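A.B. asks: Here you go, sequence then predicted model.
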Amino acid sequence: MKIWTLAANTFRAFLRDKVIIVFLILFGCVVLLMFTPLLAVKAFRGTNAQEVQTLMFTLVAGMTGFVSGCGSLLAAWLGADSVASEMKSGTILAIMARPVERWQFLLGKYCGVMLLMAAYTVLTIGLTYLLLWLGGLHAAGSQWELAVYPLVRYAVYAAIAMLLVTFMHPVVAWAITVIVAVLAGIVAPTYVLSSLWKPWIRKPLYAILPSTGLLSEDRFLALTQSSLKPMTWLNHLTALAYGLDYALVCLLLAMWSFHYRSLRRD
């Protein structure tokens, strides 16, 4: 009950957070601007229908990838700021006086972050289907894949940021999480330039960093069913279990680190 109360309060606090509001406004403006090339391409549908359809789907997939990437950045920031803001304001001392265990505090904050990211995921799916509808397209991917995979990826980034913020400034924690995300993509064997890395550097990094490429919903966006790479339920469960396990390990490490953290204002 305490954890759910903390999660609900955290979610409501996010909705009033000025930084998040500004982020969403700027994000909305960028998304609106992205409608322009889609509508421009749609106007030339009569010239070569097949090529135009492929180009329009590429634009939609790119827009969806951008929105999803912004979600990863948002999840990392929320994970760091949800803890740091309570520390900075000193309200954490009042929360702990209820009493609330430190692990309950972190878990409640984490659940609050994931509540907001769940709402973000729903909006992302709605935007994706709106773009497809405007382009007169139909995606072969399943809705549950477009929802679950990014949500698990957001859980990983939020947990990493929450771990880092237990012993450093939230902006630094967020920046390091972003760097981790970039490096995780670069050292992946599927990356075009991964061969430029020395094996003794790339392999340890690939083993330690989260393989978030496994949790990319872009793999399930295709124009036709034949374009999709077949994945069994075992493949899905393995990829999702990996992401949830990585997030859980980071969250447990955050709880351990936070247990020894001073609660005085920074």
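C.D. replies: Ah, there it is.

A.B. asks: For the longest helix belonging to the chain, name the packing helices and strands.
C.D. replies: When the chain is parsed with DSSP state H, its longest helix is helix 49-89. For helix 49-89, the packing partners by 3 or more CB pairs under 8 Å, 6 or more residues apart in numbering; DSSP states H and E come out as helix 2-16, helix 18-42, helix 102-134, helix 143-165, helix 170-186. Using the backbone N, CA and C atoms, a C-beta is placed for each residue, glycine as well.

A.B. asks: out of these, nearest to Pro199?
C.D. replies: Closest approach to Pro199 among the helices and strands packed on helix 49-89 (CB to CB): helix 170-186, 14.2 Å.

A.B. asks: pLDDT of that closest one, averaged?
C.D. replies: The average pLDDT within helix 170-186 is 92.

A.B. asks: just stretch 54-69 next, same as before
C.D. replies: On average, stretch 54-69 scores 82.

A.B. asks: what residues does it touch?
C.D. replies: 30-31, 34, 37-38, 41-42, 124, 127-128, 131-132, 135-137, 150, 216-218, 221, 223 (CB atoms under 8 Å, 6 or more residues apart in numbering).

A.B. asks: doesn't Ile95 make contact with Glu86?
C.D. replies: Yes: Glu86 lies in contact with Ile95 (CB atoms under 8 Å); the separation is 7.0 Å.

A.B. asks: intersection of neighbour lists for the two?
C.D. replies: Taking CB under 8 Å, 6+ apart as the contact rule, Glu86 and Ile95 both touch Phe105.

A.B. asks: what's the spacing between Ala155 and Leu209?
C.D. replies: The gap separating Ala155 from Leu209 is 16 Å, by CB to CB, to the nearest Å.

A.B. asks: Among these two, which residue is more densely surrounded?
C.D. replies: Per other CB atoms under 10 Å, whichever of Ala155 and Leu209 has more neighbours is Ala155, with 24 against 19.
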